[in-house]
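Student: 3D, please:
(4 chains)
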Number of protein chains: 2
Amino acid sequence: MNIGEIARRSGVSRSTVSYALSGKRAVSESTRRRIQDVIDESGYRPNAAARALKEGRTRALGLVIPPAAGRLTFMQLEFVASVMDAAARADLDVLLSPSGGDHDRSFERIVVGRRVDGVILMEIRLDDPRVTRAQSAGMPFVTIGRTGRPYGMCWVDVDYATLIGRCVDHLADLGHRHIALINRATELVAAGYGPGHRAREGFAEAVGRRGVVGAEFCCADDAKAGEACVEEIVRAHPDITAVATINEAALPGVQRAIERAGLAIPSQFSITGVVARHWAEQFHPQLTAADVPAMDMGATAVEFLIEHIAEPDAPPKQKLLVPPISLRSSTGPVAVR
Amino acid sequence: MNIGEIARRSGVSRSTVSYALSGKRAVSESTRRRIQDVIDESGYRPNAAARALKEGRTRALGLVIPPAAGRLTFMQLEFVASVMDAAARADLDVLLSPSGGDHDRSFERIVVGRRVDGVILMEIRLDDPRVTRAQSAGMPFVTIGRTGRPYGMCWVDVDYATLIGRCVDHLADLGHRHIALINRATELVAAGYGPGHRAREGFAEAVGRRGVVGAEFCCADDAKAGEACVEEIVRAHPDITAVATINEAALPGVQRAIERAGLAIPSQFSITGVVARHWAEQFHPQLTAADVPAMDMGATAVEFLIEHIAEPDAPPKQKLLVPPISLRSSTGPVAVR
DNA sequence: GGCATCAGCCGAATCGATTCGACTGCGCTC
DNA sequence: GAGCGCAGTCGAATCGATTCGGCTGATGCC
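Tutor: Numbering: from 1, shown residues only, chains lettered A, B, ... in the order given. I've put the predicted structure just below:
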């Protein structure tokens, strides 16, 4: 079933069918209705490929996610969901591309093969080859997170440095003098993962400013590592009475280890950080934390991308989010251990 | 940059470039290399839309996921990841469509607009309009889960009835006489959600066969509901000493409520069920459970779909998985409460 | 009544690839 | 040396849509 068949059955030319559908030229009411009837009963829909070829746009967005999708954090998952929602609202389809490495077939196909009108890049590194690739291919893009030199491009990011600083402030206000930062995996930070770096910087700055003692721990992104990390803290650093973290995936293990050490939250041990609300509320007791507004970020990223596609020469938009710390029940005044 | 430009720069016709790339006709080594050089330095890739139009296939698969993607369970997430992996291995792109309701724009666009060569449908209901729609549109599809009349179509499913039966057997063998089934949300089961129905049937059958007392509880898909559900069990059904569940998302709450009730696992309370391995291992102590092999399922679904696209008239393939129960540490002999 | 205007429709070109038939040399055979 | 086969190449048709220019007939105006 194609436009020619519709034209034949309605006794008009193909161009008339096209104009009746798009409304870009006048079509008499009677023929318009006749065409519509034929379409309704045949269930016709314009072929996406043909339309994309002629129009030069695909009405689809690419979403480039980390390759190990099985280990997506809730934050990332929420983000993916919000991108899909926003795209669906704009009548755009979403093509998923699991890419992270340098030479990636899926990414190349989508970007260079013009399968999409623009891409959203997740899990951006400070120096990210995908950004370079999208630029050189002339493919509009928005990054979630910033590269080291984020000028002249669209992005949406969370201000991890400021937020971790505020966490330290909050803990210091409560009297904590020895504070740990549980960062993301060593390899990730070493590979130039922005949030890891910026959390580290914000932590160092705030610790210095408040005159407290800070210790940073890199921790792989899973429960087991979180458990080991807290065990290490409890064993080797008995002075530490509070942690701030940006490592969501480690939280269940962190929880278990704290419980197993017999430390009550928050009377004996405080914990806070920057995590998706879902996990802040999953924690027990609920986590005082800066809730990453992943839903907003996804919607904003799609919005920026659509605007950027429509007006490639407009100044690129950027948004740095600094969500407030939601006071829940996981932080309290320092107590002697 | 298109094939014509490549042809011009290499001093050959467009068809020669095409044949050099596809290898479907002989091209002399010298011209082949000249063309390849031009392509390498220009970064050319065939336009996906043009190719799709001419070939009549898009080299993309659709993955239809539940609309509330923010609440995807780990099992579903793992499944999505494995589909993406398998598709990437076959050099296929994946289009995500958040669809669940009846009239859905995204689903219609993808299926009727021929944006993909085939679709994988997740979260199938016993009577599912999307199946009907895909059939009437002549779009190849594979379902994850079965409809009520799953004959003559491709699907991959987990045998929840048998597995929950085995869970009951396992618990009965350990001496438990009062066993609860924590099912998925009431609305979901009411809406004809297959696993919910089949778990219910398998539970009833096994309970009758073993002569034990069974009680079923429907529980919304989140930690809070799981907590409430176990509280209810502990309070109103003190005889119950073990539960079997298919509700992953409720597990963290289930865990909390059991702990809060002061019941030790497994010496005072046993728990088992059918869940993704990720969460079985996340549980504390690790959960004795039938691990849903979501990774296999995704790969199998893609494989079935590819075969079905290639040979639409071949008999449809089906696979009913009955993974073994992995003995971990959450079940034990019954004890007096 | 002649002419301009315009609504409404059609035909043909176009997007960028694939593919089929046809053409051209070249080497081989009898 | 005429004829055949084949490797290598080209031109043109094709996929299904959009869109531009042009045609036609009805209407309005002077």
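Student: ranges for the helices of the stretch 151-300 of chain A?
Tutor: Taking DSSP state H, counting those that start in this stretch as the test, the helices found in the stretch 151-300 of chain A are A:160-173, A:186-190, A:194-210, A:223-236, A:251-260, A:277-282, A:294-310.
Student: quick check: A:Asp313 vs A:Glu307, distance?
Tutor: 12 Å (CB to CB, to the nearest Å). (C-beta placed from N, C-alpha, C; glycine too.)
Student: what residues does chain A put near DNA strand D?
Tutor: A:2-4, A:14-15, A:18-19, A:21-22, A:24, A:44-47, A:50-51, A:53-55 (CB under 7 Å from any atom of the strand).
Student: output the set of residues of chain A in proximity to DNA strand C.
Tutor: A:11-16, A:19, A:25-28, A:30-32, A:50, A:53-54, A:56.
Student: element containing the residue of the stretch 51-200 of chain A found nearest DNA strand C, please.
Tutor: Among the residues of the stretch 51-200 of chain A, A:Lys54 lies closest to DNA strand C, at 3.6 Å counting by CB to the nearest atom of the strand. Assigned by DSSP states H and E, A:Lys54 belongs to helix A:48-55.
Student: neighbouring strands - and their directions - for the following helix or strand past that helix?
Tutor: Once the chain leaves helix A:48-55, the next helix or strand it forms, by DSSP H and E, is strand A:60-65. Partners of strand A:60-65 in the sheet, by DSSP bridges, are strand A:93-98 (parallel), strand A:118-121 (parallel).
Student: moving C-terminal of strand A:60-65, what's the next helix or strand?
Tutor: Along the chain past strand A:60-65, the next helix or strand (assigned with DSSP H and E) turns out to be helix A:74-89.
Student: what's that next one packed up against?
Tutor: Contacting helix A:74-89 under the criterion 3 or more CB pairs under 8 Å, 6 or more residues apart in numbering or on different chains; DSSP states H and E are the following elements: strand A:60-65, strand A:93-98, strand A:270-276, helix A:277-282, helix A:294-310, strand B:93-98.
Student: stretch A:217-236: which residues count as buried?
Tutor: Residues of stretch A:217-236 classed as buried by neighbour count (16 or more other CB atoms under 10 Å in any protein chain shown): A:217-223, A:225-231, A:233-234.
Student: residues touching it, excluding its own?
Tutor: With CB atoms under 8 Å, 6 or more residues apart in numbering or on different chains as the contact definition, stretch A:217-236 has outside contacts at A:71, A:73, A:180-186, A:188-189, A:196, A:215, A:240, A:243, A:247-254, A:256-258, A:261, A:263, B:282.
Student: which among these count as buried?
Tutor: Buried among these (16+ other CB under 10 Å): A:73, A:180-185, A:188-189, A:196, A:215, A:240, A:243, A:247-254, A:256-258, A:263, B:282.
Student: okay, the angle between the helix holding A:Lys54 and strand A:93-98?
Tutor: 100 degrees (axes from the mean of the first three to the mean of the last three CA atoms, to 10 degrees).
Student: which residues does helix A:48-55 contact?
Tutor: Residues contacting helix A:48-55 (CB under 8 Å, 6+ apart): A:58-59, B:47, B:49-50, B:52-53, B:58, B:109, B:113-115.
Student: if we use 6 Å, what do you get?
Tutor: With CB atoms under 6 Å, 6 or more residues apart in numbering or on different chains as the test, helix A:48-55 has contacts from A:58, B:49-50, B:52-53, B:113, B:115.
Student: same question for stretch A:324-333.
Tutor: The contact list for stretch A:324-333, computed with CB under 6 Å, 6+ apart, reads A:166, A:174-175, A:265-267, A:270-272, A:285-288, A:290-291.
Student: just those now: which is nearest DNA strand C?
Tutor: A:Asp291 (45.1 Å).
Student: need the helix or strand of chain A with the lowest average pLDDT.
Tutor: helix A:277-282 (a mean of 81; mean pLDDT, DSSP states H and E).
Student: and the helices and strands packed on helix A:74-89, which one is worst for confidence?
Tutor: Lowest mean pLDDT within those: helix A:277-282, at a mean of 81.
Student: ok now that helix, how far from the chain's centre?
Tutor: In terms of CA atoms, centre = their mean, to the nearest Å, the centre of helix A:277-282 is set 16 Å apart from its chain centre.
Student: residues contacting A:Val275?
Tutor: A:248, A:289.
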